[in-house]
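Novice: based on what follows, work out the 3D shape:
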Amino acid sequence: MTDAVEPDLPRGVALAWGIAADPQRGPKREMSVERIVDAAVEIADAEGLGAVSMAAVAARLGFTPMSLYRYVTAKDDLVLLMQEEATGLPSEGMHVGSWRERLEALYGEQVQQYLRHPWVLDVPISGSPATPNSAAWMDAGLAALADTPLSHNDRLAVILLVTGHARWTGTVLAGYARVAREHSESDADITLREDALYRHLISGDEFPDLRAAIDAGVFLDESDPFAFGVARSLDGVETYLAALAAGRADEPRPWHGRDDADIADDKKFREARKAVRDAEKALRDARKVERQAAREARERRARQRPPG
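Specialist: Reported below is the predicted structural model:
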């Protein structure tokens, strides 16, 4: 067994975690990574991600671009830090309620973040950002599912399901908001215009089902189709959890896949699978007791600590 090799952290990631070395020269008192990121976010909020450049940020702060490079060495690092700033942290609401209520809160909060900073949707996806705020969101989502019988892989899959819904909702709503700003239209104006356009272009002969939906008023309906999609997805997770609890669902499969259908009726195999489920439940219960004991121990330690 070999020792794990520490990864060579990109400077942007090191800056996000606060473990990058400070520049040795430059206008330290007037300049900081935080000020640079804040200025870049202000530009992106007002004009979009395309307007952000090292020169534009430097001009906003009253410095030369070279001054910025002493703190943030590349635009990609700056965009990563901007995304981290815009992502923010999950609220306390993410730690209260059932697993479903907490995931619904995660979805709603992420949609609002996209609407506050729509340029984040233009940042290319090149993997999961290894930054503190992104980790906090992932941890909050996984914590919501910690007491369920889902495997770690399945919990992560559920988080991806919810965050994917949030990103798609943010993409659509941010697009509508941009159109509304550019044309000085309200949401109601856009809805009426779209409905009229579809009624004019879509015929019942060529697109009978779409025309029937238009005549039923789907484009004028004020219900939230995105929330409906999230709710039905979580219904599916809830049904799967119920099946797991009742022993009716297959045990979570590893990513490479496995098919045990040919031996599913074997008595000893069924008994072994049930034993695994029972052991996993006992482990979850033990971890719950451990977490409670840890909380109580910290409370006792805090009470014993001398004031001041």
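Novice: for this structure, give me the ranges with low pLDDT.
Specialist: Flagging of the chain using pLDDT under 70 yields the residue ranges 1-7, 21-30, 248-261, 280, 283-284, 287-288, 291, 295, 302, 305-308.
Novice: which of the residues in the biggest helix by length in the chain are buried?
Specialist: Among the segments of the chain that qualify as a helix by DSSP state H, the longest is helix 267-304. For helix 267-304, a neighbour-count test (16 or more other C-beta atoms under 10 Å) marks R273, R277 as buried. C-betas here are computed from N, CA, C, even on glycine.
Novice: ok now it, how far from the chain's centre?
Specialist: How far helix 267-304 lies from its chain's middle: 28 Å, per C-alpha atoms, centre = their mean, to the nearest Å.
Novice: which other helices and strands contact that helix?
Specialist: Counting contacts by 3 or more C-beta pairs under 8 Å, 6 or more residues apart in numbering; DSSP states H and E, helix 267-304 packs against no other helix or strand.
Novice: and the residue nearest to E84 when sequence neighbours are not counted, how far from L81?
Specialist: Using C-beta to C-beta, 6 or more residues apart in numbering and skipping the chain neighbours, the partner closest in space to E84 is T131 (4.5 Å). Going from T131 to L81 by C-beta to C-beta, to the nearest Å gives 8 Å.
Novice: okay, and the common contacts of those two?
Specialist: A16 (C-beta atoms under 8 Å, 6 or more residues apart in numbering).
Novice: who has more neighbours, these two?
Specialist: L81 (23 against 19; other C-beta atoms under 10 Å).
Novice: does that one really touch A14, like I thought?
Specialist: No - contact between L81 and A14 fails when scored by C-beta atoms under 8 Å: they sit 10.7 Å apart.
Novice: quote the end-to-end distance of stretch 247-266.
Specialist: 15 Å (C-alpha to C-alpha, to the nearest Å).
Novice: the stretch 51-200 of the chain: helices as residue ranges?
Specialist: 54-61, 65-69, 75-87, 99-116, 132-144, 152-183, 187-201 (DSSP state H, counting those that start in this stretch).
Novice: mind putting those into TSV with distance to E299?
Specialist: Formatted as TSV, the helices of the stretch 51-200 of the chain follow (distance: least, C-beta to C-beta, whole Å):
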stretch	distance to E299
helix 54-61	46
helix 65-69	46
helix 75-87	31
helix 99-116	23
helix 132-144	19
helix 152-183	28
helix 187-201	48
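Novice: out of those, which one sits most buried?
Specialist: When those are scored by mean count of other C-beta atoms under 10 Å, the highest mean neighbour count falls to helix 75-87 (a mean of 21).
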